[in-house]
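Novice: Need the 3D shape of this:
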Amino acid sequence: QDANYLEEISKKLHRISLGEKVELHKRQTNNQGLKDLSQIRDDKYSVGESVFYNPLGKGIINSVIIKSSDWGGGIKNRVYLSVEFDMGQSCIFTKLVDKN
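Specialist: So this is what the prediction gives:
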């Protein structure tokens, strides 16, 4: 699933091994005001929504799964977000949130 990303990283590592100076990851900025996945606070996400995560940058949500369960202090939702980033990397994020 991450073939393009791995290929790009491999090329950069090869260039580094040849003594070239290569920037592996530059700090991304959230200029579009997208939801930041480092601050998941609720389960209000949808498939196709653009999101942001540093250092990976902008991405698109491919799937959203919400599972409810009793965590002792009441019912909570665990949200699972599958995201493919513009730079080729894909990730799954999960967070336990209050049930809305």
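
Novice: List the neighbours of the host helix or strand of residue 5 that are in contact with it.
Specialist: In the assignment (DSSP states H and E), residue 5 maps to helix 3-17. The list of residues contacting helix 3-17 from outside it, by CB atoms under 8 Å, 6 or more residues apart in numbering, reads 22, 24, 87, 88, 89, 90. Bear in mind the C-beta positions are built from the backbone N, C-alpha and C, glycine included.

Novice: tell me the contacts of the first one?
Specialist: Shown in contact with residue 22 (CB under 8 Å, 6+ apart): 12, 15, 16.

Novice: I'd like to know how far the first one sits from residue 20.
Specialist: Okay, so that is residue 12. Shown here: residue 12 relative to residue 20, a distance of 9 Å by CB to CB, to the nearest Å.

Novice: roughly how far is whichever helix or strand comes after the helix holding residue 5 from the heart of the chain?
Specialist: Per DSSP H and E, the first helix or strand lying C-terminal to helix 3-17 is strand 35-36. Taking CA atoms, centre = their mean, to the nearest Å, one finds the center of strand 35-36 at 10 Å from the center of the full chain.

Novice: just checking, what packs against strand 35-36?
Specialist: With contacts taken as 3 or more CB pairs under 8 Å, 6 or more residues apart in numbering; DSSP states H and E, strand 35-36 sits against strand 50-53.

Novice: quick one: strands adjacent to the strand it packs on?
Specialist: Neighbouring strands of strand 50-53 in its sheet, by DSSP bridges, are strand 35-36 (parallel), strand 57-70 (antiparallel).

Novice: Give me the residues contacting the shortest one.
Specialist: Spelled out, that is strand 35-36. Contacts of strand 35-36 (CB under 8 Å, 6+ apart): 30, 45, 49, 51, 52, 53, 54.
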